[in-house]
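> heads up, no residue letters with this:
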């Protein structure tokens, strides 16, 4: 998506999600080299079942087409 990103990741119990997100945002911003590109806040959620995993993954994969971005190269 050109204005936001969806990410699914597996986090071990006890890992620090805010630290992981900060590290990822820092790495990508420095790699792109355009200064501040991320908003401070983010929305996270815990996926608790295989059905919820499937539904969330389907939503993420369908999001570019729903936004009118046919053949979006960063899907999947």
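It's in. Keep in mind that this is a model prediction, so the values were computed, not measured. Numbers count the residues shown, from 1 in each chain.
> And the pLDDT at residue 2?
Per-residue pLDDT puts residue 2 at 68.
> Same check on residue 76?
On pLDDT, residue 76 comes in at 55.
> Also residue 37?
Reading off the per-residue confidence, residue 37 sits at a pLDDT of 87.
> Buried residues in whatever helix or strand residue 23 lives in, which are they?
Under the criterion of DSSP states H and E, residue 23 resides in helix 17-32. Counting neighbours by 16 or more other Cβ atoms under 10 Å, one finds that the buried residues in helix 17-32 are 21, 25. For the C-beta atoms, the positions are set from N, CA and C on the backbone; glycine is no exception.
> Ok, stretch 3-18 next?
Going by 16+ other Cβ under 10 Å, stretch 3-18 has no buried residues at all.
> so how far is the first residue of it from its last?
Start to finish, the residues bounding stretch 3-18 are 21 Å apart (Cα to Cα, to the nearest Å).
> And for that stretch, what's in contact with it?
Contacts of stretch 3-18 with the rest of the structure, by Cβ atoms under 8 Å, 6 or more residues apart in numbering, involve 20, 24, 44, 47, 53, 56-57, 59-60, 63.
> again with stretch 28-39
Residues lying outside stretch 28-39 but in contact with it, judged by Cβ under 8 Å, 6+ apart, are residue 25.
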